[in-house]
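Novice: Quick check, what structure comes out for this input:
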Amino acid sequence: MSLLLSPGDLIHALYQSDQPTLADFAEADLSSGSASPIYAKELSNRIKAADSLPQLCDLIQLEAPHFTHKSASHALHKLSILCHAYFTQLHSANLTSREAQQAAWIEYVEPALQTLGQLLIRHMAECDPWAVAISFWGYGNLQCSDEAVFAALCERGLQIMQEFTPHDCASALVGIARLRVRPRCQREFVDVLLNHTHDLLSRVQSWRTREIANILWALSRIGAAGPSRRALLEGLLEMTMWRLPEFRMMEICVIVYSCGRLQLRLPLQLARITEHIAARMSEMNPTDAAHVVWGCAKLGIQPGGDLLERLPEVLVKQLMAAKPQEICNVLYGYGSLRYEHPLLLESVARVCPQRLQDFSTQDVCLVIWSYGMLGYYPESSELFHTACRVLLQRSNRLIPLQLTMAAKSFARVMYQPEPEFMQQLSQLAIQKLHQFSPLELSQLLWAYARLGYRDVQLFEAAVATVIQTLSTRRLPKTTIDTVVRACEMVGFWPQLLVDAAEMRGVIVKTTKQNQSADMEQLLPLLPDAVSSLDPVDESGGTSNGPGQSAAVEVWDPELLQQQQLQQQLDLQHQHRPAPPALTAKSLQWQRISGSFVQQQQEAHQQQHQHDDRQQRHDTSSSLSLQQHHHQQQQQHSGPVQLLRPPSRL
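Specialist: Below you'll find the model as predicted:
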């Protein structure tokens, strides 16, 4: 039946309300052209009582002549809230198509916004700080802008800036932070507003914890560069530490999230904050958990109070109600911090397959990436099967980074996707090869090599792209080493790539096997050798399959360092400039490198002693020849008269 209804009728059916509007009893005020105080108060109450988007929009259109500056700003604030509820109900009714949303926006939201914008400009001279701040908040929550209204709001805000309270500053900054495009007048207004907010820090008693958290969140969006913004940031954090017990859980988690976005590394302060959060673990919801774990992961700081260990016990119970982005942010945090928690990972692997269609493409890749970073293979592989199906359905929207993340993550956990998925992945990679970075290409080839998939066209095209890139700029040695090693393990020998790298001054460490082979010659693939391959990635870590340990890995950073040190010593012996030595990363490598250097020193000492003996032997032989020559001269010409040394004066 719903298919026969127009989008407008369908929206009316969703938000049908029996409450009357003010048009039934406002004819007298309409004729007078101005609203009495009693009528203005009644109008404000009806705006507050509106519980559906059509009801509020009808109220705005019918009662627009009687709106004051307070009514207009209040209606804009209410409109932004009801729009969020409207799209939530559309989602629950399975009407989230772009056509349905566009129809609702054109029929209800856009006319109401135009009317409210005209009302705000008409009454701008009467607007107080609350009206200006709440108008910015409403436009930001709707994520739409009106240049004429914004110019008038900024001009009025600069005139009454000294009357802004901390609450007004927080509301205005949050609304501005949500807008993606900020005109010049708005940027000037933001600078003045932030300076005024810094001046208000001296009024400690007028600040509430919500305002501190909101301004920190806004700074994380707008940016905290510059002395004045940095001073405001430090003042807010100092106030946070001083009033930490007063914060609600949501507010303190938003502060951790904001520190992560700002890349503000404060280990001692964050340790105290996370310990405070861990002590109130029972109050957390999925949103709070996502904010805390994501913020700590962005800073690379382990939260205090055993937060990561205890959090899954609370989060698993609420996993079905969590949003996809919240689940992804939590998994990203555990993966980035390399903290493996089987309870969380198994619960996500059990719950998410049924909901994976609701995840965005980026969220799907992040879920797989998190398991890959931890090298964790769940008991049920249904999550990976479903992820492959979802990615195949959205193959046209995949970008190179997502292709690389998916393939590399499957290779890290040693999950074997269906051949159809790998073939489709290869075709997409070849089509978008010009969009790949050299690092993404190297990781993609490594994933194919580790999983045992040998795609001739992909490897040849990727190597040709890397060679073309080398002709314009120099690439990191680890990237080239990974490409060469991956090609070698699947039966290729990229001699042209090795030559091009050496012309750029990059010495590729190669094995004796396949040095005389050509690129087109295929050698038999060794599965056991492929399973021992591991990439040289940007994280500097190694990954293991299920049930494997790091000791069985052959292609690891420590072995690469040993090979590079050997190259350095060889180049020094040949009087060539050597690359700088890398720093040892483990005790095992220190023992290997120490014994190797000691052996080299002993060899040099023995060579030096041999050279000394040879030199002394040559000297004695020269002296004996000279004496024999003098004796022959004495026999033919008589005694030789020696010169006396000059006497001292």
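Novice: which non-adjacent residue is nearest residue 448?
Specialist: Closest residue in space to residue 448, ignoring its immediate chain neighbours: residue 455 at 6.4 Å, by CB to CB, 6 or more residues apart in numbering. Heads up, the C-betas are built off the backbone N, CA and C, glycines and all.
Novice: Roughly how far does the one you found sit from residue 485?
Specialist: According to CB to CB, to the nearest Å, residue 455 and residue 485 sit 17 Å apart.
Novice: Of those two, give the one with the bigger neighbour count.
Specialist: Ranked by neighbour count (other CB atoms under 10 Å), residue 455 and residue 485 place residue 485 first, with 23 against 19.
Novice: Give me the next element, helix or strand, following the helix or strand harbouring that one.
Specialist: Following DSSP states H and E, one finds residue 485 within helix 477-489. Counting by DSSP H and E, the next helix or strand C-terminal to helix 477-489 is helix 495-503.
Novice: chain center to that following helix, what's the gap?
Specialist: 33 Å (CA atoms, centre = their mean, to the nearest Å).
Novice: tell me which helix or strand of the protein sits lowest on mean pLDDT?
Specialist: Counting by mean pLDDT, DSSP states H and E, the chain has its least confident helix or strand at helix 527-531, which shows a mean of 30.
Novice: got the contact list for the residue nearest to residue 448?
Specialist: Residues in contact with residue 455 (CB atoms under 8 Å, 6 or more residues apart in numbering) are 422-423, 426, 448.
Novice: list the buried ones in stretch 112-132?
Specialist: Across stretch 112-132, burial judged by 16 or more other CB atoms under 10 Å covers 112-113, 115-121, 123-124, 127, 129-132.
Novice: Looking at that stretch now, give me its mean pLDDT.
Specialist: For stretch 112-132, the mean per-residue pLDDT is 92.
Novice: end-to-end on that stretch?
Specialist: Start and end residues of stretch 112-132 are separated by 18 Å (CA to CA, to the nearest Å).
Novice: which residues sit against it?
Specialist: Defining contact as CB under 8 Å, 6+ apart, one finds that stretch 112-132 is touched by 56-57, 60-61, 64, 67-73, 75-76, 79, 135, 142, 144, 146, 148-149, 152-153, 155-157, 160, 163-165, 168, 172.
Novice: Swap in 7 Å and give it another go.
Specialist: 57, 60-61, 64, 67-70, 72-73, 75-76, 79, 135, 144, 146, 148-149, 152-153, 156-157, 160, 163-165, 168, 172 (CB atoms under 7 Å, 6 or more residues apart in numbering).
Novice: Buried subset of those residues, written for PyMOL?
Specialist: Of those, the buried ones go into a single PyMOL selection, burial set by 16+ other CB under 10 Å:
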select buried, resi 57+60+64+67+68+69+70+72+73+75+76+79+135+146+149+152+153+156+157+164+165+168+172
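Novice: Next step: the contacts of stretch 112-132 restricted to helices.
Specialist: Counted as lying in helices by DSSP state H, out of the contacts of stretch 112-132, are 57, 60-61, 69-70, 72-73, 75-76, 79, 135, 148-149, 152-153, 156-157, 168, 172.
Novice: Could you check how far the helix holding residue 485 is from the centre of its chain?
Specialist: Relative to the chain's own centre, helix 477-489 is displaced by 26 Å; criterion: CA atoms, centre = their mean.
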